[in-house]
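Engineer: need the 3D shape of this:
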Amino acid sequence: MKYFIFYFWIFSFILGCNSNKENTSEKNQTVQDLQEPTYTYNINTDSLYVLKETVRNGQSVGQILNKYQVSFSDIDKIAKLSRSIFDLRDVKAGGDYTIIFRDSSLFSPLYFIYEINKVDYFVAELHDSIKVYQDQKELTIKEKTGSGVITSSLWYAMEESNLSAKLVNILADEIYPWTIDFFRLNNGDKFKVVYDAKYVDGEFIGVGKVHAALFQNNGEDYYAIAFNEVGGFEDYFDETGKNLRKFFLKAPVSFTRISSKFTNKRKHPVTGRWKGHFGTDFAAPIGTPIYSTADGIVVEASYTKYNGYYVKIKHNSTYTTQYLHMDKSTKKLWGKKGIKRGKKVRQGIDIIGYVGRTGQATGPHVCYRFWKNGKQVDPFKTALPPSDPVKKEKREEFNQIKSIWVSKLNAISYPDEYIDLDSIGEITMISY
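Structural biologist: This is a model prediction of the structure:
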C-alpha cells in the first residue's frame, strides 16, 4: 500500500509538470497572437528584413537597385511606370530610402521605398509583377495657439515665441494684407493665433489651417475668423462679419520690402533726374512669382526699353494695374494659352510674370502701377472697394463659429508684457 501511494504521487507530479508546460506554451502562443504586427510604410514587415539608407552624391535609383541584383530591364520598367507618379530622376542626394528583403541575405528585394518629402513616399513592388504607387505617412493634426509682441519685426516675434515662420506668411500674405500695413508696424503691436500643427512620426512638419487670429495694430484689434461661406473656398471675416479681403491685394509679390514709394518727385536712380515716380517698387529676388492684385483681363503683355517686360491688367471700368521690369523668363508664360491680351487672370492665383531687372532698373524688383478712373494714384493712400460681408442666411452659422474662436483667442495670454516698449520707438518693417 505504501509503494502504491508513492508511485501514484510520482505519476501525478509528472502529469502536473507536463500540464504546466502545455499551459505555459499555450500562454506564450496567446501572447504572440496578441502582439501587434510591425508595419513599415504600410507594409507588414514582421518576417522581413528592413534596410534603411541615404542616397549618396551622384547615386541613381538604378545604381542602388542593381547593387541588390535587380535587373536593368526591371529598373527600366520601374522608371516607365513611375513617370506619371514620381519621376525617379528627382531622387536627390541626402534623400532617405528603404529596401525590404525576405531575409538578411540582401538578395532580390521585395520593395523599394523613397521618401519624397516628410509625408509622401514612393513605393516600387519588386516581387511577382512590378507595381509602383505613391502613399502617405499618417498625418496627425493638433490644434495649437500662439501669441507675440512685436519689438523689431513680425518674423522675430514669431521666433521669440517659438512659432513657425510659416505663420508670418499666412498672417501677412493671406489674412491681413488688405487690413494691416506690414511694412510699418508699431512698438507694442501684438498678435494671437489659433492654428493646426501637422505632425508625422511625432515630428512637427508644418502649419496647416489657421482658424482664427487677432492682431492688435495701433491699439486697434483686428479679428480674423475663418469661415466657409460658399463651399470649397474659405475667407476670413472680422467679428462683425465683414470680409477682410478687399477687392485688391496690397502687393503683387510675397515681398521683403518697399524699395521706392509712390511720389510726385524723386531722383531717378539711373538717370539722376528729378521726376515723379508714379508706382510702388517691391524689391524681391529674381524669379519671384508676380500675381495680379485683383481679378481682371490682360490688356498688354509686352516689352519696352524703359519698362522692360511688363503686363497691364484691366479690372473693371474704374481700375487698371501694371507690373514692370519682369525677368526675361516671363516670356515662357506668353504662349497661346498663357498670359496674353484678352486672358482672364485671378487674384493671387495666376502667375503673370517673374521679378527681374529688365528695362531701366538698378536692381531686381517689380514696379507696381495703379490707375483709378484713368489717373495714376498711390494704392496705399486710396480707398479700395471691399468684398461682400457674410450673407444674411449664413449669419447665424457664422456667429456660432465666431463665438468659439473668439473665446479661444481671448483665453490666450501675451508673452513679455513687461517689455519697456516706450524705449523702442516706431518700427520700419524691413522683413517680416
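
Engineer: longest strand anywhere in this protein?
Structural biologist: Across the chain, the longest stretch assigned as strand under DSSP state E is strand 203-217.

Engineer: strand partners (parallel or antiparallel) of the helix or strand that that one is followed by?
Structural biologist: Scanning forward in sequence from strand 203-217 by DSSP states H and E, the next helix or strand is strand 220-228. Strand pairing for strand 220-228, using DSSP bridges, gives strand 203-217 (antiparallel), strand 234-237 (antiparallel).

Engineer: just the CA trace of strand 220-228, in PDB.
Structural biologist: Extracted in PDB, the C-alpha atoms of strand 220-228 (Å, rounded to 0.1, in the frame of the first residue of the first chain):
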ATOM      1  CA  GLU A 220      -6.900  98.600 -32.500                       C
ATOM      2  CA  ASP A 221      -8.000  95.000 -32.500                       C
ATOM      3  CA  TYR A 222      -8.400  93.200 -35.900                       C
ATOM      4  CA  TYR A 223     -10.100  89.800 -35.600                       C
ATOM      5  CA  ALA A 224      -9.900  87.200 -38.300                       C
ATOM      6  CA  ILE A 225     -12.300  84.200 -38.300                       C
ATOM      7  CA  ALA A 226     -12.000  81.500 -41.000                       C
ATOM      8  CA  PHE A 227     -15.500  80.800 -42.400                       C
ATOM      9  CA  ASN A 228     -16.600  78.700 -45.400                       C
END
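
Engineer: name the residues of that strand that come out as buried.
Structural biologist: 222-227 (16 or more other C-beta atoms under 10 Å). The C-beta positions use only the backbone N, C-alpha and C, and glycine is treated the same way.

Engineer: cool, and stretch 67-76?
Structural biologist: Across stretch 67-76, burial judged by 16+ other C-beta under 10 Å covers 70, 75.

Engineer: thinking again about what came up before, ok, residues contacting the longest strand of the chain?
Structural biologist: 118-119, 141, 143, 164, 166-167, 170-171, 174-176, 179-180, 185-186, 189-199, 221-226, 236, 405-406, 408-409 (C-beta atoms under 8 Å, 6 or more residues apart in numbering).

Engineer: what ranges of the chain fall below the confidence cut-off?
Structural biologist: Across the chain, the ranges flagged by pLDDT under 70 are 1-34, 230-233, 255-257, 259-277, 416-432.

Engineer: tell me the domain boundaries of it?
Structural biologist: What the record gives for the chain is the domain set 39-136, 140-246+388-423, 257-381, from automatic domain parsing.

Engineer: how long is the first one end to end?
Structural biologist: Distance between the two ends of domain 39-136: 13 Å, counting by C-alpha to C-alpha, to the nearest Å.
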